[in-house]
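J.: Predicted coordinates and the sequence they were generated for:
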Amino acid sequence: AALIAPGAPGRPLLDFRRGLIAENLTRSPQAARAAYRRAHAGATAHADPLLLSATWRHLAGLALREGELTEARHGFAESLRIREELGYMVGTAPALVSLADTETEPEAARLREEARRLFRLLGGVPTWLAHRLAPPEEDAATA
């Protein structure tokens, strides 16, 4: 980190990765949020829409875990919008599922069904999303 200046083009990605480590390895949502916000600002400054989509998504995930439903919905919607604009199909299904987690029925079901459609269209990619898209009766059968 000391070798990359705060305003350098590679710094936002480094900050994003620091956020991932803080969130998933050290379990520190406060440190993750700070790193994601730095990455978000850098992605905006350097016009990096894919990274901006990722920072929206991860900030929204933290907000959802804290019960900030409106903030989470906004972040997931922004992430989805950017991914759709970029044509980033492999990232669109996860964005739809995340947004569905902030919605009420029937909108949540509609978003999940659209995610399932994209997931099937892409041949089951990303594979980690399969358990989130399992039909409810399949979830109950495996429980």
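T.: Yep, it's here.
J.: Okay, residue 75 and residue 106: tell me how far apart.
T.: Counting by CB to CB, to the nearest Å, the gap from residue 75 to residue 106 is 22 Å. The way it works is simple: take the backbone N, C-alpha and C, and place the C-beta from them, glycine included.
J.: So for these two, which sits in the more crowded spot?
T.: Comparing residue 75 with residue 106 by neighbour count (other CB atoms under 10 Å), the higher total belongs to residue 75, at 25 against 9.
J.: outside of the helix or strand where the more buried one lies, which residues touch it?
T.: Per DSSP states H and E: residue 75 is located in helix 69-86. Outside helix 69-86, the residues that touch it by CB atoms under 8 Å, 6 or more residues apart in numbering are 49-50, 52-54, 56-57, 59-61, 63-64, 88, 91-92, 95-96, 98-99, 101-103.
J.: Which of those residues fall in helices?
T.: Counting by DSSP state H, these place 49-50, 52-54, 56-57, 59-61, 63-64, 91-92, 95-96, 98-99 in helices.
J.: now these: which count as buried?
T.: Among the ones in helices among the contacts of helix 69-86, those classed as buried by neighbour count (16 or more other CB atoms under 10 Å) are 52-54, 56-57, 59-61, 63-64, 91-92, 95-96, 98-99.
J.: these two touch, right, residue 11 and residue 4?
T.: Yes. Checked against CB atoms under 8 Å, the pair residue 11 and residue 4 is within contact range at 5.1 Å.
J.: where in this structure is pLDDT low?
T.: 1-2, 136-143 (pLDDT under 70).
J.: for the residue nearest the centre of it, what are its contacts?
T.: Residue closest to the mean C-alpha point of the chain, counted by CA atoms, centre = their mean, is residue 57 at 3.0 Å. Residues in contact with residue 57 (CB under 8 Å, 6+ apart) are 75-76, 79, 94-95, 98.
J.: please redo it, this time with the cut-off set to 7 Å
T.: Counting by CB atoms under 7 Å, 6 or more residues apart in numbering, residue 57 touches 75-76, 79, 95, 98.
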